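Peer 1: Below are the sequence and a predicted model; questions follow.
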Amino acid sequence: MAYITKSPWIIHYDASSCNGCDIEVLACLTPLYDIERFGIINTGNPKHADVFLVTGGVNEQNRPVIKNIYRQMPKPNVVVAIGACALSGGVFRECYNIAGGVDKLIPVDVYVPGCSAKPEAIIDGVVKALGILEKKREAMKKEAGN
Amino acid sequence: MGKITFTMSKRILKSLASGPATLRYPHEPAKRYEASRGHIEINIDDCIYCGLCSKNCPADAIEVSKDDRTWEIDRFRCIICNSCVEACPKDCLSTSNVYLEPVFSGPLKDRSVGPEPEPEVKEE
Amino acid sequence: MTIEEQLITEITVESLLEEVKTKSDAGYRLVQIGCTRIEDAFEINYSFEKDYRFENLRVTIGEDVRMPSISDIYWGSFIYENEMHDLYGIGVDGMNIDFNGYLFKTSIPHPFRDAPAVTVKKVPKKMDEENKTSGGEE
Amino acid sequence: MSFLDVMNVYPLIGVLLFIVLSPLVGGIIFGIDRIITARMQGRVGPPVLQPLYDIFKLFEKEKMVIHESQNFWIFGYLIFMIITGALFFGGSDILLVIFALTLAHVALILGAFSSGSPYAHIGAERELIQLMAVEPMIIIAAVGFYEVTGSFNTLDIISSGSPLILVLPGIFIGFVYILTVKLRKSPFDISTSHHAHQELVRGLNTEFAGSTLGMVELAHLYETAILLGFIFLFFGLAAPIIGLIVVALIYLIEIFVDNATSRVKWGLMFKSCWIVTAVLGVVNLMALYLI
Amino acid sequence: MTGRRTVVPFGPQHPVLPEPIHLDLVIEDEKVIEAIPSIGYVHRGLEKLVEKKDYKNYVYIAERICGICSFIHSLGYCQGVENIMGVEVPERAHYLRTIWSEYSRMHSHLLWMGLFADAMGFENLFMNCWRIREQVLDMMEETTGGRVIQGSCKVGGVRKDISVAKLKEMSERIEKTKADVEEINHVFFDDSTVIHRTKGIGYLSKDDAYHLGAVGPTARGCGVAIDIRKTGYAAYPELDFEPVVESGGDCYSRCMVRAKEVVQSADLIRQAIEKIPGGDIDVKVKGNPEGEYFSRVEQPRGECIHYLKGNGKKFLVRERVRTPTLTNIPPLVRMLAGCEMADVPVIVLTIDPCIGCAER
Amino acid sequence: MESIIFLILFPLFAGVIMLALPNGRGRDSFVNFAGVVTCIGSLYLLYEYFGKGAQFFFVDGTFIDPLITVAEIAIGLFIIGMSLKFRKYLIAVLAACQMALITYTDVVFEPSHYAGYDLFIDEFSLIMTVIIGVIGSLICIYATGYMKTYQEHHKDVKDKRPLFFFLMFLFLSAMFGIVFSNNIMWLFLFWEITTLCSFLLIAYAGDEISWKNGFWALLLNVIGGVAFAGGIFFINAFSSGSDIYLNELLTSSPGIALVAATFIGFAGLTKSAQFPFSSWLVGAMVAPTPVSALLHSSTMVKAGVYVIVRFAPVFEANLIGIAFAFIGAITFLTASAIAISQSNAKKVLAYSTIANLGLVVACAGIGTEEAVWAAILLIIFHAVAKSLLFLSVGSVENQKHSKDIEDMGGLIAAMPKVALMMLIGMAGMFLAPFGMLISKWASIHAFVNAIPPFGMLLIAIIAYGSGITVFFWTKWMGRILEVRTEREPLETEASKPEMRAILTLGALTVLACLIFPLISYTMIEPYTHTIYNSVSPLLSLSNEIIMLFMVVVVILLPVSLFHFAKGRTLRRQYMGARVSEVSGEHLRFLGSMGVMKEAELSNYYFEGIFGEEKLNRAGVLSTILIIVMLFALVSWFVPLEVIM
Ligand code: NFV
Ligand code: SF4
Ligand code: SF4
Ligand code: SF4
């Protein structure tokens, strides 16, 4: 098994969420949910991160930011979109400044529905993402082999 | 300044003594209350396709088609606000306290198709 | 039910600075500046408070009138004035900190400038399929 | 001393053990550290081997850099950290150990500088402040050892007849004080920290990704082994069991302090380290003449 | 001599900022010479949605202005509509709103205390604050069904009632929470390293605070006693409390205000539970709003204004939310001048910025 | 002996010829020629006297001694004349005092009466010779290129290059004279020549500030000169005249030697810019860079420490020595600390020079065998590394028109060769396993055995100082390495002569690190063994092997670059995830209010803590206090012995 699934470090970006999902992501780090059990650390730095948690939808200003973070994450990496806003724009879908869900901009690997997404659901989402990480790592290895 | 106080020590010792407060999810079941809003369910049998739920949905997540007898919800849009449940005249919608599983691809739409209308209704 | 009296005084653009100065001298704090689009004009409310007395100065201006900044009197007013500029496209002269339209950078400029649409158009459903691309643009 | 001394078997075993074991031991120490920290915070915490998983993972990742030269410096950091440890556990001159340690750190700092990133830059500057803050104490500790044992060689120091701590209590405490800086523990984790949240993102380490960061972490494991070994010198073979216990205890105290304090600002860190060095270290040195 | 300046792009993505804002920090050594904040990364433009959602359903949007102060936003909005339409809300609903408001305040303040501790690099304290916060969230979820987005307020009253037994249980549990909070507060007040990071940092004078428009704990920490709860909405007129005011004007004082307010909130909840009358929890609201009103409520971060204007149609003409964070930004700009690099996160957090609110 | 005299006289004559040559290729070639000859001469000397121990030569003084007196008076008159012209009356008075003392001594005691060995050579002189000969002439060669660009850039400076080169070579000649003189009267003449030359060279640019700093240097050096003359007077007045010879003096009665050493050592303090006299060296930075390099790495200041180290055995284990050691240590600490707050590269070099000389003085003050050994090593490493640094900074200055460290950001990309040489120089200054650090290590070893508890205090000072050293050097190195965008290197980084000198010095720095054990065995240890009558080797083999091993690792490490260049993804710096762009050498990001901002980076300077003025004051006051105590000690204890 690739070690990457044992030590997925996350970076979290609040695109234009209402903070609801945002603080639930943070809550996952805290004693009640403690995702460090899975070796997860919130790095806050794209260059160290393996899992990109995005909450909130894409808007005019954060478009380059999201892309930038994604680009600066070394492979293999996965993107987890959290909450209705990040999935589709949610309740703000019709706002003039919201362009929609995160998958409009970067490929999303796991979608966590909810408004706000429950911490348990976020944990599920990250755990699911690990499987994808492993696959991506294998693919990378193969590519390097060729 | 000057003196160094370790005011946190008592709390730390307590934490050590009382053990972690962690809910060991997923080994333990998730925390759920009766009132928790997890996702919207429909008892399609009772639905009359009046569309009130759709009209009252702030996220435009519901699509009702009287002709096809379908009731469709876009799970990616739904904000689980309960508005549709309150609006439904037939009380056929309900909010379950089980949250939805994450998925690998979107959009996630649940379509319910109602039963063939009963003949007597047709007659009217 | 009414929680509190809310006084609204209509004034003109010309007397704005003077009136604001009076408020400031009387020890009021600036609570907010907010605009509303009404048919063919903008209504700008300057709200003040002192000892829980909530008072408003209201200026109604035409579409292309520029407003004077009150940031000389209330230093913190720049935040509202920039907002007014960015969202309503109302020019404000003499702001102490001018964000040049970058306080709220919106996808459409001055989104609140136009009067509200009379009919409410429902966004067509099934739109997400066609808009969805997977993969970054870079 | 002759050429043969260098080739002596005991030091060689020490060196080999150090190179092979310290990542493992260091990893487990860090793992336990993380678990205890988590428990102190009311959490469960990661598996014991987590720090090692982290390092393995880092080597699995894409090699992303700003300039290649970055890796060169970091590789140098790792190599010199290993050399430092080899010198230390090989029983050679402790001043050389200290200077090699400084060299290793300078390589790390230059690696951060060479990335040209604002955060790494500030992290590097802060790391330099830390280096400047702790250097005097370490040198004074070495001189303290010399004053008591008459030798600068770690081999002689460790085999001194009585535990050095009996005559060097001030230096011991002073050294433990700066150990917090060296271990990157709160309240002195100003240049980079194990925790994510930092005004400097990851400070010094901001621009190191993948295996580069892996090397940094690995070197840190080695460094921890060296530092704990340094503490052990205060007891030496005269009181090995007590020494080990105290080393463990000191580490526990560091964890506790890490958990019980907020990060302080550079000024306080710097000044307090120097003052502690002066008050405990220098005074202890002078006191050696009185007894 | 050429410049010795270092320019640091601080944010929008930055680990100490849970939300995106950015600052261009110009520093010399570790001293901040210039700090220009900029926002706009979370701007959604939801105020415009009043033109699309009818006034009753808009409350779902209003409560999603922010997931931290969600409940009070819905309260502020509903109160505004009720005022325009002259709806009398039942007493019990007032009390329930008050209870949830105070829970919301507790959860927001505890969240802030955690983040604040984290900004100082005090991880353990962060964890402990959030651990206590979970108790509050539990009570929220049990009574409303949502942890952070409660969705229990509506025009004309509230959606959910709380049973008598439950209320009793809550008043017991709140005592426990209060005790935990008091224990943690001790750390914030007395720990030497915390004091090192907060005392004298980010000073704002009383006059400045008042004239720059500071509100909430930011103002109260400078000795300006503004607390909109004193204007007497919901059930506050019947409850006994005095605004918490500290006169230090620095981060320490602001922290103190919030820490004390958590305890105060617990107290208010207890009082409200004691006094809560029986009866209906909502009234039927008919017709459409016509008129305007500035609905003022005290959010955790201070005075929040929902300005509503209707013209007799189903859709309001204008809703404008002036949130406390927005008005606290000018004071923040003042406080940042001349601080140290390490103080930046502490000072930024000390106004408890909620960008979701500020930008809508 | 002929080669010695040749070395003293050849640069002198070469200089005189240069005075007559016009600018242009011819003069440049002649400078090169003279430089090469001097260099070869010094190497030949090394070859000739290598392993021979101390050799003394008798010179017939009947003809030379009057000449020396005349020359001394001439220098004195010149100084007095200059200072009267510029209304520096204090200097004039002091110079007059000094002249009076010397003339009085000459006339009344007739020291030349005692025939002794006027010239000599031993391992220490030999080391100094090689330093002066090789580095000095490299600097002169470098100067041909540098001065051309300098004059082009500084149109307002009058072109006095013939004079310039004359003075440079005169300087070398005087330096040779200093290290070969056994007769202290001779030594004094050469000493005065360096004072004069440095004064003229510092004032080269001819503007107000140059004159001011030149006179300041002159003043402080004249103070030293007076002390020197006082020392000579004392020797003549209180002891048998034979003590005027260095070798006799060192072995004469401790009282005499100590007093003489104090006076002459004091002069050494002024010349080697120790606190409280350090300010002249900093001021001297107004001079063209080759001058700084010459004055501060291989000559002038080295003359100061040379005499102190010569007297080191006298200082062993007594309070006067300790006082000197403290002056050195305080200088080391204070000057290093001040260097932190400086961003002018030359000033950093200046302060670091002062600091390193402080370390040498401290070692000399301790005066044990080990200490002297460390001091000599320090002198060697400092000379190569520091001259390398000065010359590189000079070349960067010519390219970038700035001496500011902040303008050297990313230099490694723009001027890779020069930058690399600078890095080597800096590594040589403070990093294990390079030069200076070995010496620092040695000095700590030496101090632990000094008179308690002073040794411990000295160590504490060194410990703090070494932390500080790491700080200011590393941040500078970091600045050079800080490449933010890809950049094409400059086509020509420096003129050919400049490059030649820099590369040679770079190679020498590395070489010195590699062969220092050899130097130690064959030259330094024989010297200390003769002086201290001991035999034990000072450097243990195992440590040497370790150091060599480390040097080899450092040299081999860059090979790893090839590995690291493979399979990399290049990404821009983390900018808070903001929009950023690269254009040329600028890295910009989207700032507030929509403007693109440059991501500037600068080092830390901590003016508040390490401010120049504040620390200077502290350093000056404390060392003045020590000097006062020093003379109190001398007048308290010593006369008793002397009279007996
Ligand atoms: N408290 C609060 Fe809000 C509101 N209104 C505000 O700034 O948090 Ni999200
Ligand atoms: S999904 Fe809901 S809770 Fe999450 S960010 Fe969007 S509005 Fe907020
Ligand atoms: S719960 Fe709310 S968002 Fe979801 S379908 Fe019902 S009304 Fe729409
Ligand atoms: S409101 Fe109820 S009955 Fe009407 S369409 Fe919706 S689910 Fe069916």
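Peer 2: Thanks, I have the structure now. This one's a predicted model, so the numbers in the text were calculated from it and none came from an experiment. Numbering: from 1, shown residues only, chains lettered A, B, ... in the order given. Ligands and ions are numbered 1, 2, ... in the order given.

Peer 1: For the chain, which segments count as strands?
Peer 2: Just going to use chain A. A:9-14, A:41-42, A:51-55, A:58-59, A:78-82, A:98-100, A:110-112 (DSSP state E).

Peer 1: ah, no, chain E please
Peer 2: Using DSSP E, the strands of chain E run over E:5-10, E:22-28, E:31-38, E:153-154, E:157-158, E:290-299, E:302-311, E:318-322.

Peer 1: For D:Ile36, which non-adjacent residue is spatially closest?
Peer 2: Counting by C-beta to C-beta, 6 or more residues apart in numbering or on different chains, D:Ile255 is the residue found nearest to D:Ile36 once chain neighbours are left out, at 5.3 Å. For every residue, glycine as well, the C-beta is placed using N, CA and C.

Peer 1: from memory that neighbour sits against D:Ile35, does it?
Peer 2: No - using C-beta atoms under 8 Å, D:Ile255 makes no contact with D:Ile35, being 9.9 Å away.

Peer 1: Counting by contacts, list what the longest helix that chain B contains packs against.
Peer 2: In chain B, taking DSSP state H as the definition, the longest helix is helix B:9-18. Using 3 or more C-beta pairs under 8 Å, 6 or more residues apart in numbering or on different chains; DSSP states H and E, the elements in contact with helix B:9-18 are helix D:9-40, helix D:240-260, helix E:123-144, helix E:164-190.

Peer 1: measure the spatially most central residue of chain A to chain B for me?
Peer 2: A centroid search over chain A (C-alpha atoms, centre = their mean) returns A:Leu53, at 2.0 Å, as the residue closest to the centre. To chain B, A:Leu53 is 12 Å away according to C-beta to the nearest C-beta, to the nearest Å.

Peer 1: If we ignore the residues flanking it in sequence, what's nearest that residue?
Peer 2: A:His12 (4.4 Å).

Peer 1: who touches the one you found in this structure?
Peer 2: Shown in contact with A:His12 (C-beta atoms under 8 Å, 6 or more residues apart in numbering or on different chains): A:22, A:25-26, A:42, A:44, A:52-55.

Peer 1: now with 7 Å?
Peer 2: Applying C-beta atoms under 7 Å, 6 or more residues apart in numbering or on different chains to A:His12 gives the contacts A:25, A:42, A:53.

Peer 1: hang on, isn't the second one packed against A:Val25?
Peer 2: To tie it back to what came earlier, the one meant is A:Asn42. No - using C-beta atoms under 7 Å as the test, A:Asn42 is too far from A:Val25 to be in contact (8.5 Å).

Peer 1: those strands in chain C, which residues are they?
Peer 2: Assigned by DSSP E, chain C shows strands spanning C:6-11, C:29-38, C:41-50, C:53-61, C:67-68, C:92-93.

Peer 1: Can you say which of these is packed in most?
Peer 2: Sort those by mean neighbour count, taking mean count of other C-beta atoms under 10 Å in any protein chain shown, and strand C:29-38 sits at the top with a mean of 22.

Peer 1: how about stretch E:231-249: buried residues?
Peer 2: The neighbour-count check on stretch E:231-249 (16 or more other C-beta atoms under 10 Å in any protein chain shown) flags E:231, E:233-236, E:238-239, E:241, E:243-246, E:248-249 as buried.

Peer 1: again with stretch F:31-46
Peer 2: Neighbour count says stretch F:31-46 has F:31-32, F:34-35, F:37-39, F:41-42, F:45-46 buried, by 16+ other C-beta under 10 Å.

Peer 1: returning to that earlier point: ok, which of the helices and strands packed on helix B:9-18 comes nearest B:Asp110?
Peer 2: Set against B:Asp110 and scored by C-beta to C-beta, those come closest in helix E:123-144, at 24.3 Å.

Peer 1: Is there any residue in that closest one that contacts chain B?
Peer 2: Yes - residues of helix E:123-144 are located near chain B by C-beta under 7 Å from any C-beta of the partner chain, namely E:124-125, E:128, E:131, E:141-144.

Peer 1: Of these, which is the nearest to F:Asn344?
Peer 2: Of all the residues of helix E:123-144 next to chain B, F:Asn344 sits closest to E:Leu125, with 44.8 Å by C-beta to C-beta.

Peer 1: wait, the closest one sits on E:Ala119?
Peer 2: No - E:Leu125 is beyond contact range of E:Ala119, at 10.7 Å (criterion: C-beta under 7 Å).

Peer 1: so after the one helix or strand F:Phe33 maps to, what's the next helix or strand?
Peer 2: Using DSSP states H and E, F:Phe33 maps to helix F:25-49. Using DSSP H and E, the helix or strand that follows helix F:25-49 in sequence is strand F:55-57.
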